[in-house]
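K.L.:
Based on what follows, work out the 3D shape:
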Amino acid sequence: MLRSINQAVVIFGASGDLTYRKLLPALFDLYSQSALPENFVILGVARSPMTRAAFCDKMKEGIEMFSNLAKKYESLIEPFLSRVDYLSIDTFNKAEYGKLRQKLIEIDHAFHTDGNYLFYLATPPNMYEIIAFNLQAVDLHREETGRYFRRIIVEKPFGYDLASALDLNNKLHAVFSEQQIYRIDHYLGKETVQNILVFRFSNGLFEPIWNRNFIHHVEITAAETLGIGNRGRYYEQAGAIRDMLQNHLMHLLALVAMEPPVLFEAQALQNEMVKVLQALRPLDKESIESNIIRGQYTGARTNRGFLAAYREEKDVAPDSNTETFVAMKVFIDNWRWADVPFYIRTGKRLPSQLTEVIIHLKATPQSLFKGQCSGPSCNKIILRIQPEEGIGMQFGLKSPGSGYNVKQVQMDFKYSELANVYIPSAYERLL
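P.N.:
Alright, predicted model coming up:
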């Protein structure tokens, strides 16, 4: 891998679960492959009072549990942690950001990070504009081309609705230029998600049938077996629609349904994805009632013991109507997809853990053989995003022996079966 430019990575909300489970393990994996800059520091920033030693102990635990390469490169954990620091400030308080500026100046002098700062906001969304304006107050937002850069990364949910999303976008633009802002969706870093584009546009085998003439319907599923854990306060504000459907699954929908871009570059890809979203058929009151289902998990006794209902989870209102499951049928009103239904569903505390896209092809016009499958689910193209990343196809073949009995078979490709090929995590790839 190519090394990036010397820099300090500043993670706001560093005492939280995202840093512990995802960000630091991903950064360690990059470090173990010599993909981080020669001179780098990771500075955790949060309100939680904590010493640097305590923070590093916690991050070491997270790396050992969640890193892909911790066992292979165990000897590198301590050298990596020597580049990790922690600063406790009240991130709401503008006056506290002088401490952050001074800390970064000290880091520049000690580690030669050259004034290059990447700010990762692993915080609740209501903190985004507060942190941005507070960084501006101490001049940590300003960059000089050719001398040093300043970047800011935010994740979903980006606003609560259209009006708040536009408002947040305007407020970030009041501080940072567009090229300084990275709005990321970690689903787009998954191997199979990125492979959708290659699968579609590098093979003459599939693209000719990727339309309403051959496809009966499309399923996009993201199912989780876990509940919300300790995220009750956040989930009460988001629900399954804002947490998963309007970002992760809509991105998947756009990748599956988009037209080929004229060039394989960011703006061209974005343009084609936007066209798909613009072509979504609007939902009126009648179609909402017939095409959308919302649900909420209840308590249950399982082989894992008793699992609490959503309304019994920490920080959840006892009369909450927040959905933990949503399923909807949508249509894309353009020439390629006219009248092809897309079924999108996501939920927590479901029987199995999987994320996948299934393309259901139309049935043959006539059944000629004994045992031949009939209906739109006989031939499928399956794009598995997790847990076992890969691609599968289902079709009919003649059973061995006399006669022409047909049996449904499946042909699978799994990334895990590729020898000596390392598959990075989504956060590792995006970082």
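
K.L.:
chain center to stretch 160-172, what's the gap?
P.N.:
20 Å (C-alpha atoms, centre = their mean, to the nearest Å).

K.L.:
pLDDT averaged over that stretch, what's the number?
P.N.:
Average pLDDT, stretch 160-172: 88.

K.L.:
Would you mark the buried spots in that stretch?
P.N.:
Judged by neighbour count using 16 or more other C-beta atoms under 10 Å, the buried positions of stretch 160-172 are 168, 172. For every residue, glycine as well, the C-beta is placed using N, CA and C.

K.L.:
what's in contact with it?
P.N.:
For stretch 160-172, the surrounding residues in contact (C-beta atoms under 8 Å, 6 or more residues apart in numbering) are 125, 128-129, 132-133, 152, 154, 158-159, 181, 237, 242.

K.L.:
so which pair among those residues is furthest apart in space?
P.N.:
Farthest pair in these (C-beta to C-beta) is Phe133 and Arg242. Separation: 23.8 Å.

K.L.:
Comparing those two, which residue is more hemmed in?
P.N.:
Arg242 (21 against 16; other C-beta atoms under 10 Å).

K.L.:
check contacts around Val340.
P.N.:
212, 215-218, 331-332.

K.L.:
For the stretch 201-350 of the chain, give me the ranges with low pLDDT.
P.N.:
Low-confidence segments of the stretch 201-350 of the chain (pLDDT under 70): none present.

K.L.:
show me the contacts for the closest residue to Glu356 other than its chain neighbours.
P.N.:
In space, and not counting its chain neighbours, Glu356 is closest to Arg384: 4.9 Å by C-beta to C-beta, 6 or more residues apart in numbering. With contact taken as C-beta under 8 Å, 6+ apart, Arg384 is in contact with 192, 354-356, 390-392.

K.L.:
mind running it again at 7 Å?
P.N.:
192, 356, 390-392 (C-beta atoms under 7 Å, 6 or more residues apart in numbering).

K.L.:
Now the two most distant members of those.
P.N.:
Most distant of those, by C-beta to C-beta, are Thr192 and Gly392, 11.0 Å apart.

K.L.:
Return the set of buried residues in stretch 106-122.
P.N.:
Using 16+ other C-beta under 10 Å as the test for burial, stretch 106-122 gives 107-108, 111, 113-122.

K.L.:
Quick check: pLDDT value at the residue nearest to Glu356.
P.N.:
For Arg384, pLDDT reads 90.

K.L.:
any idea how the protein splits into domains?
P.N.:
Using automatic domain parsing, the domain parsing of the chain gives 7-184, 189-225+257-293+325-417.

K.L.:
mind checking the SS state of Asp29?
P.N.:
helix (DSSP: H, G, I helix; E, B strand; the rest coil).

K.L.:
Enumerate every residue touching it.
P.N.:
67-69, 424-425, 428.

K.L.:
what do you get for Leu307?
P.N.:
Counted by C-beta under 7 Å, 6+ apart, Leu307 has contacts 227, 299-300, 349.

K.L.:
Let me have the residues you listed in JSON lines, extended by secondary structure, distance to Gly62 and neighbour count.
P.N.:
As requested, the contacts of Leu307 are arranged in JSON lines below (DSSP: H, G, I helix; E, B strand; the rest coil; distance: C-beta to C-beta, whole Å; neighbours: other C-beta atoms under 10 Å):
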{"residue": "Gly227", "secondary structure": "coil", "distance to Gly62": "21", "neighbour count": "18"}
{"residue": "Gly299", "secondary structure": "coil", "distance to Gly62": "30", "neighbour count": "12"}
{"residue": "Ala300", "secondary structure": "strand", "distance to Gly62": "30", "neighbour count": "12"}
{"residue": "Arg349", "secondary structure": "coil", "distance to Gly62": "24", "neighbour count": "22"}
